[in-house]
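Student: Need a 3D model of the following:
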Amino acid sequence: MVKLSRSKIDLFLECPRCFWNAIPYKCKEIDTWRQNFTGIQFYHEPTGFLVFGAVDDVWINPQGELIVVDYKAGFPLISSLSPRKETAPG
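Tutor: Residues are numbered from 1 along each chain as shown. Sure, this is the predicted structure:
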């Protein structure tokens, strides 16, 4: 069960992307993870894949899950992310 206040429901309705409560993850390796030629890597044994790359940021949510953030240059402003109704052509 997740307990929600009326104001949190309003926040979700106004901006679903803003609703999810996460804060910047603090650790001593974060600056290394951000470096293009160092970054971070993870070996996934079942597939034999070594996944690697630099991160822009890492956030942590109240459940302790890490969220990798990739900022994009030229991303539209939050105000332009509001849902819009699309109409079928014709």
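Student: could I get the longest helix seen in the chain in CSV with only the CA atoms?
Tutor: If you go by DSSP state H, the chain has its longest helix at helix 6-14. Taking C-alpha atoms only, helix 6-14 is exported to CSV below (Å, rounded to 0.1, in the frame of the first residue of the first chain):
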residue,chain,number,x,y,z
ARG,A,6,-4.4,15.0,-1.8
SER,A,7,-1.6,17.4,-2.7
LYS,A,8,0.6,14.5,-4.0
ILE,A,9,-2.3,13.4,-6.2
ASP,A,10,-2.6,17.0,-7.5
LEU,A,11,1.1,17.0,-8.2
PHE,A,12,0.8,13.7,-10.2
LEU,A,13,-2.1,15.1,-12.2
GLU,A,14,-0.2,18.4,-12.9
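Student: what about it, average pLDDT?
Tutor: Helix 6-14 carries an average pLDDT of 82.
Student: Contacts only, for Asn21.
Tutor: 61-62 (Cβ atoms under 8 Å, 6 or more residues apart in numbering). In this view, the C-beta of every residue, glycine as well, is placed from N, C-alpha and C.
Student: Let me know the distance separating it from His44.
Tutor: 28 Å (Cβ to Cβ, to the nearest Å).
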